[in-house]
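J.: Predicted structure and sequence below. I'll ask about it afterward.
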Amino acid sequence: MAKETYDLLSIGAHPDDIEVGTGGVLIDLNKRGHRCGLVIMTQGEMGTGGTPEIRQQEVADAAEILGADVVRTFDWGDTKLEDNYQHRLALAEVIRRTRPRIILCPYPHVGHGRRQSHPDHVASGIITINATSLAALKKADVSGEPHLVDRIFHYFLPPQVSPNFVVDITPHFDQWIEALSAHKSQFLNPAKSKDYIEHLTAMSRSFGSMARCHYGQGFTAVEPVLVGDIMTLAVSDDH
């Protein structure tokens with residue numbers, strides 16, 4: 001099997017999830033010379049706007065703006081996504097082929113309240129965790145050489161979960177908005193009453209405020225993040 005090595009994979013349930021939760025980070029990594037790939041688990045066919053074909057084109061347009069590659073889009077059922085062995089195997093094969101050091105995926109536990117977690121988001125996080133484990137097992141029934149991912153970080157955090165760390169996306173804010181706007185059927189659809197771009201801007205501003213920057217994207221790490229030089233954590237307030 002040919003290997004197409006990536007530094008990072010960002011994985012989402014629906015065609016716009018990755019841009020919403022990780023798009024600014026992907027832009028930053030691209031500018032730093034890192035190779036990033038996108039994996040999407042459903043066609044987004046249940047979205048209020050667009051069709052699977054339209055949304056596929058929107059993904060391609062957004063990926064070009066992000067400076068990332070669409071590695072794989074699965075068709076595992078919008079609103080029907082579930083963790084099973086076949087899904088784990090299929091994603092584990094992608095992980096072995098791309099060999100990322102870091103994976104970003106949705107938070108794998110259910111939140112509750114008015115902003116309760118989308119079940120597809122939770123399922124995509126669970127599938128990713130289990131597929132990552134399979135990808136590292138020598139005897140797993142997966143094509144390619146075993147690969148151990150260094151770290152998994154989660155986005156789409158429910159209200160009761162605070163981020164462990166925030167990535168400053170302020171220098172890339174306009175480009176991030178451009179990538180979001182590529183999903184015209186979702187975020188620029190006049191049939192929808194909600195201004196999603198304004199909402200996502202406010203969310204990014206909220207994360208940024210937590211970390212003393214203007215715009216940010218928040219993540220959580222289950223395991224402690226290893227720091228070699230503690231002084232790298234002393235960031236400037238001059239943003």
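T.: Received the coordinates, thanks.

J.: in what helix or strand does residue 38 lie?
T.: strand 36-40 (DSSP states H and E).

J.: which residues are contacting that strand?
T.: 4, 6-15, 17-18, 26, 29-30, 59, 63, 66-74, 91, 94, 98, 100 (C-beta atoms under 8 Å, 6 or more residues apart in numbering). C-beta here means a position set from N, CA and C on the backbone, and glycine is covered the same way.

J.: State whether residue 184 and residue 58 are indeed in contact, as I suppose.
T.: Yes. Counting by C-beta atoms under 8 Å, residue 184 touches residue 58, with 6.6 Å between them.

J.: Please state the offset of the strand holding residue 38 from the chain centre?
T.: Its chain's C-alpha centre and that of strand 36-40 lie 8 Å apart, by C-alpha atoms, centre = their mean, to the nearest Å.

J.: Also stretch 170-188?
T.: On the basis of C-alpha atoms, centre = their mean, stretch 170-188 is displaced by 15 Å from the centre of the chain it belongs to.

J.: Buried ones in it, by neighbour count?
T.: Buried residues in stretch 170-188, defined by neighbour count with 16 or more other C-beta atoms under 10 Å: 172-173, 175-187.

J.: for the chain, what are the low-confidence residue spans?
T.: Within the chain, the stretches with pLDDT under 70 are 1-3, 112-116, 235-239.

J.: Helices of the chain, start to end?
T.: 17-31, 52-66, 85-98, 119-136, 173-181, 184-187, 196-211 (DSSP state H).

J.: what sits up against stretch 166-173?
T.: 24-25, 27-28, 31, 176, 204, 207-208, 210-211, 213-219, 239.

J.: For burial, what's the neighbour tally of the spatially closest residue to residue 101 that is not a sequence neighbour?
T.: In space, and not counting its chain neighbours, residue 101 is closest to residue 150: 4.6 Å by C-beta to C-beta, 6 or more residues apart in numbering. For residue 150, the count of nearby residues is 8 (other C-beta atoms under 10 Å).

J.: Likewise for the one 10 residues further on?
T.: The tally of other residues near residue 160 (other C-beta under 10 Å) stands at 10.

J.: And for residue 13?
T.: 28.

J.: and what of the one 4 residues further on?
T.: Applying the criterion other C-beta under 10 Å, we find 26 residues in the vicinity of residue 17.

J.: Please name the residues that touch it.
T.: Taking C-beta under 8 Å, 6+ apart as the criterion, residue 17 is in contact with 40, 106, 121, 124, 156.

J.: Distance to residue 225 and neighbour count for the residues you listed - can I get that in a markdown table?
T.: Below are these laid out as a markdown table (distance: C-beta to C-beta, whole Å; neighbours: other C-beta atoms under 10 Å):
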| residue | distance to residue 225 | neighbour count |
| --- | --- | --- |
| 40 | 27 | 26 |
| 106 | 19 | 28 |
| 121 | 23 | 26 |
| 124 | 23 | 30 |
| 156 | 19 | 24 |
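
J.: need those residues in a markdown table with distance to residue 228, can you?
T.: Shown next, in a markdown table, are the contacts of residue 17 (distance: C-beta to C-beta, whole Å):
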| residue | distance to residue 228 |
| --- | --- |
| 40 | 34 |
| 106 | 29 |
| 121 | 33 |
| 124 | 32 |
| 156 | 29 |
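
J.: Determine which two of those are furthest apart.
T.: 40 and 156 (14.0 Å; C-beta to C-beta).

J.: Does residue 153 touch residue 102 like I think?
T.: Yes. If you go by C-beta under 8 Å, residue 153 and residue 102 touch, sitting 6.8 Å apart.
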